[in-house]
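> coordinates for the following, if possible.
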Amino acid sequence: METMKEIPGTEFPSFDVTGQVALVTGAARGLGRAIALTLAHAGADVVLGVLRPGSADDVVQRIEAMGRRALAVPMDVSDLEQIQAGVEAAVEHFGRLDILVNNAGISIGDKAEDVTAADLDRMLTVNLKGTFFASQAAGRVMLRQGYGRIVNLSSQAGSVALPGESVYCMTKAGINQLTKCLAVEWGDRGVTVNAVAPTFIATPGTHDALSDPAFRADVQERIAALHRIGTPVDVAGAVLYLASPAAGLVTGHTLLVDGGWTAR
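The predicted model follows:
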């Protein structure tokens, strides 16, 4: 009887990223923190893009306790110079860059008739412009290497309409389309580009909203299949999959991690 190992192309999938270098933006807390720790647990050395010096010291310590290397760099993704400098620091420190996770993003909720130009510009700058130029800077390195994995953080808001979140929904839909475009453009040079689109996740950023019992109950009801609020680890697992060798034939895809919200 043939074993899987003896059949070409059917080796067991690997989620091991040992020896790879990952850059995670917005890595000090919430989803970014969980993603950075998950990638380190799977073997990667991790560069933590942070807004404030010292804000990710505990994440650095936890990664180093796993026997991996970690570096925190200033990386406000609304600042193109910081994006470029952060990528350059990662490559200078570790010699390469294999994985980029575009996690940094903001939401400024308001009714469509009340959205200001300043708020719209801010969300476009962080969520779309920041994601594009971080991908460009990292992509240039990956294209030279002939290998790379880019994972963008989208949202179920890119697929469904959320009242009071018109601009946020627009930016996340834009990330989904950007993911497809970069995947097609860079695929034949060894770089895959995918996105993860979570539902509401219990993080510091959603704490106030989910503390409202009525809002929380409504969210749980809309998460049609599982009826529970997601955790950062739920999202980090999906990111690890897309960043790993196991997802070698997956590109241009947005993976919904929404507990069944959009299945209705």
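> burial of the closest residue to Val17 other than its chain neighbours, as a residue count?
Closest residue to Val17 in three dimensions, ignoring its sequence neighbours and counting by Cβ to Cβ, 6 or more residues apart in numbering: Ala44, at 4.5 Å. Yep, even glycine has a C-beta here, placed from its N, CA and C like the rest. For Ala44, the count of nearby residues is 28 (other Cβ atoms under 10 Å).
> grab the longest strand from the protein for me.
Of all segments of type strand in the chain, defined using DSSP state E, the longest is strand 191-198.
> tell me what that one is packed against?
When contacts are defined as 3 or more Cβ pairs under 8 Å, 6 or more residues apart in numbering; DSSP states H and E, strand 191-198 sits against helix 130-145, strand 148-153, helix 166-186, helix 232-243, strand 254-257.
> and the angle for that strand with helix 130-145?
150 degrees (axes from the mean of the first three to the mean of the last three Cα atoms, to 10 degrees).
> strand 191-198 pairs with which strands?
Take DSSP bridges as the rule and strand 191-198 pairs in its sheet with strand 148-153 (parallel), strand 254-257 (parallel).
> looking at the ones you listed, which one is packed in the most?
Highest mean neighbour count of those: strand 148-153, a mean of 27 (counted as mean count of other Cβ atoms under 10 Å).
> quick one: average confidence on that strand?
Average pLDDT, strand 148-153: 98.
> so which of the strands paired with strand 191-198 is nearest Leu39?
Leu39 lies closest to strand 148-153 among the strands paired with strand 191-198, at 9.9 Å (Cβ to Cβ).
> contact partners of that closest one?
Contacts with strand 148-153, where a contact means Cβ atoms under 8 Å, 6 or more residues apart in numbering, come from 31, 97-103, 105, 131, 135, 138-139, 141-142, 175, 178-179, 182, 186, 190-196, 198, 235, 239, 242-244, 247.
> for Ala161, find the nearest of the strands paired with strand 191-198.
strand 254-257 (15.2 Å).
> contacts for the closest one, please.
154, 156, 158-159, 176, 179, 194-199, 230, 234-235, 238, 241-242, 262.
> now stretch 70-83
25-27, 36, 40, 45-51, 53, 55-57, 59-60, 63-64, 85-86, 89-90, 93-94, 102, 104, 122, 125-126, 129-131, 133-134, 137.
> please repeat the previous calculation with a cut-off of 6 Å.
25, 46-51, 56, 60, 63-64, 86, 89, 93, 104, 125-126, 130, 133-134, 137 (Cβ atoms under 6 Å, 6 or more residues apart in numbering).
> now stretch 104-123
Counting by Cβ under 6 Å, 6+ apart, Thr25, Gly26, Val77, Val126, Asn127, Gly164, Glu165, Ser166, Val167, Tyr168, Thr171 sit against stretch 104-123.
> stretch 42-51 now?
Applying Cβ under 6 Å, 6+ apart, the contact partners of stretch 42-51 are 16-18, 20-23, 25, 27-28, 36, 39-40, 56, 59, 63, 68-72, 75-76, 86, 90, 94, 240.
> identify those among these that sit within strands.
Val21, Ala22, Leu23, Thr25, Ala70, Leu71, Ala72.
> and of the residues you listed, the nearest to Pro213?
Thr25 (32.8 Å).
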